[in-house]
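S.K.: sequence and predicted structure below; questions after.
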Amino acid sequence: MPVINRIADFHAEMTAWRRDMHAHPELAFEEVRTSGVVAAKLREFSCDEVVTGIARTGVIGVIRGRGAASDRAIGLRADMDALPILEETGASYASKTAGTMHACGHDGHTTMLLGAAKYLAETRNFSGTVYVIFQPAEENFGGGNVMVQEGLFTRFPMERVFGMHNWPGIPEGVFAWREGPIMAAVANLEIDITGTGAHGAMPNQGNDPVVVAAHIVTALQSIVARNVEPVEAGVITIGSIQGGQAYNVIPESVALRGTARWFLPEVGDLLERKFLEIATGIAAAFGVKAEARFLRAYPATVNEPAATQATIPAAEAVAGAGKVLPMPKPTMGGEDFAFMLNACPGSYIMLGAGRGAGDPQVHNPKYDFNDAILPVGASYWATLVEQSLPRR
């Protein structure tokens, strides 16, 4: 079947919800307005329970089916937070908060799960319980991990948990699934180099941390190229170099910031060891001091095979078999849904948003969620529940 008719009926309503959230973005653990809107709507939909305050601003809606009594349960998760980016979409509903925007589609993710909750609370055509999980702080602050630590899976026991992300690089309405690793583990990299400042015309009177930084940045690229087995994946990227303010002054210090990505734990261990060795070793060779930190943030997002296979018929029921495709390779992006998957079997699927290669992708100031896929995502969630917890 295509998009569920009842969900298609309130597509315009969902679009209004999404655009309201887009206009009022909130950063990690600050989603007070957003979580308030979510909780209010879940109560309006007559969910059996609405639990707030988990991981500060997280919200859980509890919906019980009308089928025979069952202790079976699954969870559906959406993220709510925005990014510290100045919006440049020019949309009539653009962010009203300067320097903050929904540049990753979490406004759409929240809306799709709200749409599914509305439908499921109306129809209850399943047995058991579904937990709709609205998570704060996916972007860099590990809100998923906080939810797990605060007892998400003990307070709301479920056999599987599922997540979904819009993906602009996939055609509109196409689902992409993958068993095993689908997104990478993440570490934040910090190197603070301290040398001796001097006049730029008399470099012999100082010890230049800029030169040291340049050598370190170059050498770090050898870690993956010459240490990681070629058939495995790893990334080391330095994205920020801060040091000095004048044309002719050698600064006393330079700060480097970057990211590392990997899938296999042993590759992560190798990246950490070599990163620390290279940063401190090169600094020592030049006679300056370097403090290097490899700050692990998120583990790899790894889909459990059986749970992943359960997502396929639900996606096919909504989009058609020709629009449900295996991902040939994972992405090096990171996702804190990984913490939930480490605590409970489950799977994470991609929903195509239909942007072309030249169009804004996620984390871009011109990116905007494609409202056309709202009923597709909501129908997938609803169908997944009805198929996973069939009414008896």
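M.R.: Thanks, I have it. Since we're looking at a predicted model, the values are computed, not measured.
S.K.: what are the ranges of the helices in the stretch 151-300 of the chain?
M.R.: 152-155, 209-227, 265-286 (DSSP state H, counting those that start in this stretch).
S.K.: got the CA positions of the longest one in CSV?
M.R.: As requested, C-alpha coordinates have been extracted for helix 265-286 and formatted as CSV (Å, rounded to 0.1, in the frame of the first residue of the first chain):
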residue,chain,number,x,y,z
PRO,A,265,37.0,-0.7,17.6
GLU,A,266,40.6,-1.7,16.8
VAL,A,267,40.8,1.0,14.1
GLY,A,268,39.6,3.6,16.7
ASP,A,269,42.3,2.4,19.1
LEU,A,270,44.9,2.7,16.4
LEU,A,271,43.8,6.2,15.4
GLU,A,272,43.9,7.3,19.0
ARG,A,273,47.4,5.9,19.6
LYS,A,274,48.9,7.3,16.4
PHE,A,275,47.2,10.7,16.9
LEU,A,276,48.7,11.1,20.3
GLU,A,277,52.2,9.9,19.2
ILE,A,278,52.4,12.1,16.2
ALA,A,279,51.1,15.3,17.8
THR,A,280,53.3,15.1,20.9
GLY,A,281,56.3,13.6,19.0
ILE,A,282,56.5,16.3,16.3
ALA,A,283,56.1,19.0,18.9
ALA,A,284,58.9,17.5,21.0
ALA,A,285,61.1,17.3,17.9
PHE,A,286,60.7,21.0,17.4
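S.K.: all further residue positions should be reported with the first residue as 32.
M.R.: Happy to do that; since the first residue is 32 now, the last one works out to helix 296-317.
S.K.: quick one: average pLDDT of that helix?
M.R.: Averaged across helix 296-317, pLDDT comes to 98.
S.K.: reformat the helices of the stretch 182-331 of the chain as JSON lines; add distance to Asn373.
M.R.: In short, each C-beta sits where N, CA and C put it, glycine included. Below are these laid out as JSON lines (distance: least, Cβ to Cβ, whole Å):
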{"stretch": "helix 183-186", "distance to Asn373": "11"}
{"stretch": "helix 240-258", "distance to Asn373": "25"}
{"stretch": "helix 296-317", "distance to Asn373": "12"}
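S.K.: of the ones you listed, which approaches Leu117 most closely?
M.R.: helix 240-258 (27.2 Å; Cβ to Cβ).
S.K.: can I get the helices of the stretch 182-331 of the chain in CSV with mean neighbour count and distance to Ser123?
M.R.: As requested, the helices of the stretch 182-331 of the chain are arranged in CSV below (neighbours: other Cβ atoms under 10 Å; distance: least, Cβ to Cβ, whole Å):
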stretch, mean neighbour count, distance to Ser123
helix 183-186, 16, 37
helix 240-258, 18, 43
helix 296-317, 18, 44
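S.K.: indicate which one of these is closest to Ala337.
M.R.: helix 183-186 (17.6 Å).
S.K.: that closest one packs against which elements?
M.R.: Helices and strands touching helix 183-186, by 3 or more Cβ pairs under 8 Å, 6 or more residues apart in numbering; DSSP states H and E, are strand 80-85, helix 368-374.
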